[in-house]
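[1] Sequence and predicted model, in that order:
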Amino acid sequence: MDLKIVSSAEELQQAFGVRILVYIGEQACPWAEEFDGNDFAATQILGTVDGEPVATARIRWFQDFAKLERLSIRPEWRGGGNGHRLLQYLMEICRKKGFRRLYLHAQMRLASFYRGYGFEIVGQPFGFSDHDYLEMACNLAESEDRLTLEHGPMVLNRPEGAWESVGVLEASLDRMEVPLSA
């Protein structure tokens, strides 16, 4: 499974399609509860196999923690480690951005999966959209290669998740007669 941060309208539609299949189709979640108004304040993730959308998740960013949400894998692609790959990818993005604390709402049946990654229950069980959930959180080790101000404007201007690749704005430096020094 190939995982990436959504960077186009088509990829966003594919991510939403996976959520519709899993949460609305499979788990009978009402539309307004699944599409809760937070999608455009989140980093969206898409997982594909041979170009076919099979998994998704989103991350919302808070002051001192990141919240992992809407992790979903189409039923025919569950097993074989895809859930592990998706969660590890999300955790790595959070580490790269310098977050040390993660939070999520786990369906009770999935609590042991998240415990395997260091998540612990942090609140009382609760329910929404006709399912029982647990608040869970974990601490991440500090990342040596996390993004900081020292990375400078060109790296920090690059698209979300593409911090290692030369960005489109860097091409503008070639047009400058006298480049500015740092």
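    Right, received. Where do you want to start? Numbers count the residues shown, from 1 in each chain.
[2] Now the element after the longest helix along the chain, going C-ward?
    In the chain, ranked by residue count with DSSP state H as the criterion, the top helix is helix 82-96. With elements assigned by DSSP states H and E, the helix or strand that comes after helix 82-96 is strand 101-107.
[3] Sort out which residues of that next one are buried, please.
    Of the residues in strand 101-107, 102-106 count as buried by neighbour count, 16 or more other CB atoms under 10 Å. In this view, the C-beta of every residue, glycine as well, is placed from N, C-alpha and C.
[4] Dump these into CSV; add distance to residue 19 and pLDDT as well.
    Converted to CSV, these look like this (distance: CB to CB, whole Å; pLDDT from 0 to 100):
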residue, distance to residue 19, pLDDT
102, 20, 98
103, 20, 97
104, 16, 97
105, 15, 96
106, 17, 95
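[5] what domains does the record give for this structure?
    For the chain, automatic domain parsing gives the domain ranges 2-146, 148-182.
[6] Excluding residues flanking it in the chain, which one is nearest residue 21?
    Spatially, and ignoring its direct neighbours in sequence, residue 21 is nearest to residue 74 (5.8 Å; CB to CB, 6 or more residues apart in numbering).
[7] scratch that, residue 111 is what I was asking about
    Excluding the flanking residues, the one nearest residue 111 by CB to CB, 6+ apart is residue 134, at 5.6 Å.
[8] Residue 22: neighbour count?
    By the criterion of other CB atoms under 10 Å, residue 22 has 21 neighbours.
[9] how about the strands in the protein?
    2-5, 42-49, 52-61, 66-73, 101-107, 120-121, 126-128, 131-139 (DSSP state E).
[10] Include distance to residue 161 when you put those strands into TSV, please.
    Output for the strands of the chain, formatted as TSV (distance: least, CB to CB, whole Å):
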stretch	distance to residue 161
strand 2-5	4
strand 42-49	8
strand 52-61	11
strand 66-73	14
strand 101-107	17
strand 120-121	28
strand 126-128	29
strand 131-139	21
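[11] Name the stretch among those strands that sits most buried.
    Stretch with highest mean neighbour count among the strands of the chain: strand 66-73 (a mean of 22; mean count of other CB atoms under 10 Å).
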